[in-house]
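Student: model this:
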Amino acid sequence: MKKVWGKLIAGAVALTLAFGMATALAACGGGSDPNLGVWKATKIEALGQSMDADEVFGGLSFELKSGGKATMKLENDTYNVKWKVSGNAITIEDASGTVSGTINGNTMIIDDWMGMGFTVTLVKQ
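Tutor: You can find the predicted model right below:
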């Protein structure tokens with residue numbers, strides 16, 4: 001009879017812990033930010049023309065990390081940048097400037113890249 005009670009108590013403790021963890025995750029938002037990950041530039045639009053982003057930049061991507069940290073890869077160089085999202089609006093900044101855009105699902109659109117008048121489309125990888 002002691003073995004049965006021991007198993008019942010162990011099971012009850014496990015369920016209580018599992019419920020507590022599930023409740024804590026729900027209170028924190030449930031999981032990771034869906035914006036985290038690598039976003040690769042695929043298209044550039046300027047003056048009514050559309051170009052492949054790799055042809056213009058030689059490769060451009062952002063890796064959004066937790067805590068507002070990110071890395072930007074441009075050609076063979078990597079830069080540390082910061083990012084923040086409010087609703088579907090995103091802002092990415094470093095010492096040289098700020099770019100702003102919108103995120104809709106797996107697509108990020110940055111309008112007026114660095115004040116140069118062109119739009120960059122990035123797709124989440």
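Student: quick check, N80 in contact with K73.
Tutor: No - between N80 and K73 there is no contact under CB atoms under 8 Å: 11.2 Å. Backbone N, C-alpha and C define where each C-beta goes, glycine included.
Student: neighbour-wise, which of the two wins?
Tutor: K73 (17 against 11; other CB atoms under 10 Å).
Student: beta-bridge partners for the more buried one, please?
Tutor: S61, T78 (DSSP bridges).
Student: output the below-cut-off pLDDT ranges for this protein.
Tutor: 1-31 (pLDDT under 70).
Student: what ranges do the strands span in it?
Tutor: 37-46, 49-52, 60-64, 69-74, 77-86, 89-94, 97-104, 107-111, 119-124 (DSSP state E).
Student: so T78 sits against T71, correct?
Tutor: Yes - look at T78 against T71 with CB under 8 Å: they come within range, at 5.5 Å.
Student: I figured N104 was touching N88, is that so?
Tutor: Yes - at 6.2 Å, N104 counts as touching N88 under the criterion of CB under 8 Å.
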